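1. Sharing a model that was predicted from the sequence below.
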Amino acid sequence: ASEKNSLKFEVEKSVDGVNFYYIGEKPAAGFSNQPLNYELIDHFPVTGNNYYRLKMVDADLTFEYSDVINIKVAEANWINDAIVNIYPNPTNGQLNIVYQASQPQKTDMVIFNTIGQVMTKKVYSLDSGLNTIVVDARDFAKGVYLINRVNTSTGNKHHSKFVKE
């Protein structure tokens, strides 16, 4: 209802209600005695549960989290094929890649290190909706890794990255 010494509002999202990741932010007014409206659009909602929370950051960089809200999205044809979450990131071992498929499909997933070496390559058969692909990264060296995913039917590509501690 009011703002005092506020810097920004970060929006975080989760598909499981536990592992949240940053999707965007809006600058705050700083000081206000009246309610203000802010808006941020999630361009990659998932079919089913979409959990959101605000990280309210003050000018001194202290912060608080809002309560978590759940927005359920019914199956829709506008849902995009995309990696919607990678957790834990950074990882020490097992990595979970949550992928949303608009329809059943086969996808070729390759993980590279930063010098281009292939760490793992596998074709996955995915169902329509959310799919969790588990990757064992225990034997990977510490560093940044790139994920390249290609739909074997359409050729559509998606790239992402994660860190191994």
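-> Cool, got the structure.

2. drop to CA atoms for contacts and neighbour counts, all remaining ones
-> Fine.

3. Now do the SS call for the residue nearest the centre of the chain.
-> Residue closest to the average C-alpha location in the chain (Cα atoms, centre = their mean): Asn85, at 3.5 Å. Applying DSSP: H, G, I helix; E, B strand; the rest coil to Asn85 yields a three-state assignment of strand.

4. For it, which non-adjacent residue is closest in space?
-> Val98 (5.1 Å; Cα to Cα, 6 or more residues apart in numbering).

5. dump the residue contacts of that neighbour.
-> 83-86, 130-133 (Cα atoms under 8 Å, 6 or more residues apart in numbering).

6. Kindly report the same for Gly93.
-> Neighbour list for Gly93: 136-139, 164 [criterion: Cα under 8 Å, 6+ apart].

7. how much space between the residue located most distally from the centre of the chain and Asn5?
-> Within the chain, Asn33 marks the point farthest from the mean C-alpha position, 33.9 Å out by Cα atoms, centre = their mean. When distance is defined by Cα to Cα, to the nearest Å, Asn33 is 12 Å away from Asn5.

8. quick one, strands of the chain?
-> Taking DSSP state E, the strands of the chain run over residues 3-4, 6-14, 21-27, 31-32, 48-58, 63-65, 69-73, 82-87, 94-101, 105-113, 118-126, 129-136, 143-151, 157-164.
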